[in-house]
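Visitor: Fold the following and give me the result.
(chains A and B)
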Amino acid sequence: MTQLTGHSASLDFSQPEPVDMSSGKYVKLWQGPQHPGITGNMSLELTLDGDEIIECKTHVGYLHRAFEKLMEGRNYIQNFTVVCRIAVPEPAFNEYLYAEGLEQLSGIEAPERAQWIRTLNLEMMRLASFMMWIGGQSGAFGLYTVPNWTIAYRDYVLDLFEEMTGGRIYHMYMVPGGVRFDLPKDFDKRVKEVMDGAEKLLDQVERVMYNNVVFKARSKGLGIITPEMVDPYGIVGPNARASGIKRDLRKDEPYLVYDQLDFDIISGTGADAYERAYLRLQETRQCISLIRQCMDRMPRSGPLQAEMPNVLHWKIPPGETYVKAECTRGEYGYFMVTDGTEYIRRVFVRGPSYTHAIAVMEKLAVGTNIADIAGLMVSLHTYPPEIER
Amino acid sequence: MGNLTSALLERLERDFDITDITERHERLTTFKVTRDHAETLIRELRDREKYTHLNFITCIDYIEDGVFSLVYMLQNYVTHTMLGVHVDIDRDKAEMTSIHTLWAQAWTYQRELREMYGINFPGSPRLHEDFMLEGWDDMPPMRRDFDTAAYSTEHFGHVDRESEEPRQYMKVQFYPNRGGDEE
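Guide: Here you go, the predicted model:
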């Protein structure tokens, strides 16, 4: 394990000199925004020397819907229809953090069973998101069998969400004070079935994708994040752990019931796209284990909601907090300020993509072959909506 | 608040005149520092006190006081604590020292704050490039006095449909007999 105790002041953050396009040696190429998927709804302005990238600039804003501003004009409970849209593949983290932040600011504590159900919900979300990511990473390197498997299997996880919350993508299930309703009858049996199937699928994915010579050849050595880059670039989650930095908020600053679950922080050493991909595969398996533990260990009965004021006329005393959780990409956080009224004074959403897709992406892209840029983007696991909020 | 953080805050109070020290939760303490001391203090927290991770930079618009409160959230991965450094700047002369040499992602936050609040960070790279908004020439939209509904109506109109202002609309729904009068 690599320990980072200080800060490397030797890294140079200065912007590169402008490229002389009038020389006729270089070509500008835009990667995106042509596809409504992970890599497509932001764009990279690439400057090429032959097929090698010599400069990269990230452009965002294609999904800007001013969520933070919208939330200032709606009361606390109305905002639940807004927050879940900030990271489409992982709305649950937004719901949880917004609810958790409001609870902290108003001195409410969710009951124990609700905390277990929230943990279960977040881990199911992680599983669904990783399933989609595995498909994205495989597809970006031209292997189209695996995306068909994993994105189809994600739908079984979405079936569980539909049963649990009533919604497949946006659930609006974790509300201030707890969760909206109890788990359905015999839910544990169906969870077990889906988890058993997911484990088998991941074994097949490992054989077909991770042992594939093309995947290895294209991802090994690509986009290396050194441990020295982690703090200066604000790198978190699997992108940092693959470089050997053992940090995971679920373990380091436990929230919900993570301190009652058995798991270790998974880390790598290779620091390239392959290492990050393999680490995410291991974390997907870990996630299945955590879901099983939640189902086995959660209290069978108990309240699901704390006593709440009338949320339609809810005034929260002046205060400020920053709450965070470990999403699939690392630290996801909500900074919230209240001023005693029925409306939030300021909410700021901190997504890992803010640095991964801009400062980190712009650095790692330089020197990369044009054919590998999509694979590199996916290997950083970025979601543009959380950048432009 | 842990002993380590308490000792640190006492020192910062002595050396940098920090004020308004508030423990928000067991891992988060916030305080205010003057604009002149801010950059030195943040650099010292990073280099000497192991607050090596910049979680984010953001801004709160206290229009009633005529200030923008900039917030620098710093994380210590050894003690697992965070410090929220607040720096109040004049709303009418919104300018702040850039910290783009301290963290690689800092200039992106500063670029966003320039676009959304109109705060200038002299020397910050690519500060005046469009970030989320393309060709925006109106008031920076995250300022409290920017009226989204009025802007939308003025620029895009609402042909054959009506748009409601959410606060007023909900009040009318709750108190229909009083025309939305809550009292």
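Visitor: make it CA atoms for all contacts and neighbour counts henceforth
Guide: OK.
Visitor: Next one, pLDDT for the closest residue to A:Ile316 other than its chain neighbours please.
Guide: If the residues on either side of it in the chain are set aside, A:Ile316 comes closest to A:Gly340, at 5.0 Å by Cα to Cα, 6 or more residues apart in numbering or on different chains. pLDDT, A:Gly340: 91.
Visitor: A:Gly340 - how many residues pack around it?
Guide: With neighbours defined by other Cα atoms under 10 Å in any protein chain shown, the count for A:Gly340 comes to 14.
Visitor: okay but it is in contact with A:Trp314, surely?
Guide: No: here A:Gly340 does not reach A:Trp314: they are 9.5 Å apart, not a contact under Cα atoms under 8 Å.
Visitor: ok, now which ones touch the residue nearest to A:Ile316?
Guide: A:Gly340 sits next to A:Lys315, A:Ile316, A:Pro317, A:Pro318 when contact means Cα atoms under 8 Å, 6 or more residues apart in numbering or on different chains.
Visitor: Can you tell me how far it is from B:Gln168?
Guide: 19 Å (Cα to Cα, to the nearest Å).
Visitor: Quick check: the residue of chain A nearest chain B.
Guide: In chain A, no residue comes nearer to chain B than A:Gly61, which is 3.9 Å away by Cα to the nearest Cα.
Visitor: Skipping adjacent residues, who's closest to that residue in space?
Guide: Per Cα to Cα, 6+ apart, closest to A:Gly61 is B:Met132, 3.9 Å.
Visitor: all strands in the stretch 1-150 of chain A, in order from the N-terminus.
Guide: Ranges of strands in the stretch 1-150 of chain A, per DSSP state E, counting those that start in this stretch, are A:27-31, A:43-49, A:52-59.
Visitor: Mind putting those into TSV with mean pLDDT and distance to chain B?
Guide: Formatted as TSV, those follow (pLDDT from 0 to 100; distance: least, Cα to the nearest Cα, whole Å):
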stretch	mean pLDDT	distance to chain B
strand A:27-31	90	16
strand A:43-49	91	12
strand A:52-59	92	7
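Visitor: could I get those strands as TSV with distance to A:Val194?
Guide: As requested, those are exported to TSV (distance: least, Cα to Cα, whole Å):
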stretch	distance to A:Val194
strand A:27-31	36
strand A:43-49	36
strand A:52-59	38
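Visitor: And these: which comes nearest A:Pro147?
Guide: A:Pro147 sits nearest to strand A:27-31 of all the strands of the stretch 1-150 of chain A, at 21.0 Å, using Cα to Cα.
Visitor: got the angle for that closest one vs strand A:52-59?
Guide: Counting by axes from the mean of the first three to the mean of the last three Cα atoms, to 10 degrees, strand A:27-31 points 50 degrees away from the direction of strand A:52-59.
Visitor: Check which helices and strands strand A:27-31 is in contact with.
Guide: Strand A:27-31 sits against strand A:43-49, with contacts defined as 3 or more Cα pairs under 8 Å, 6 or more residues apart in numbering or on different chains; DSSP states H and E.
Visitor: What is the distance between the strand it packs on and the centre of its chain?
Guide: Centroid displacement of strand A:43-49 relative to its chain, using Cα atoms, centre = their mean, to the nearest Å, is 26 Å.
Visitor: Stretch A:275-283 too?
Guide: 14 Å.
Visitor: and if you look at stretch B:32-40?
Guide: 15 Å.
Visitor: So which residues on chain B come close to chain A?
Guide: Chain B comes close to chain A at residues B:24-25, B:28, B:46-47, B:50, B:52-56, B:58, B:60, B:78, B:80, B:100-105, B:108, B:125, B:131-133, B:142, B:166-167, as judged by Cα under 8 Å from any Cα of the partner chain.
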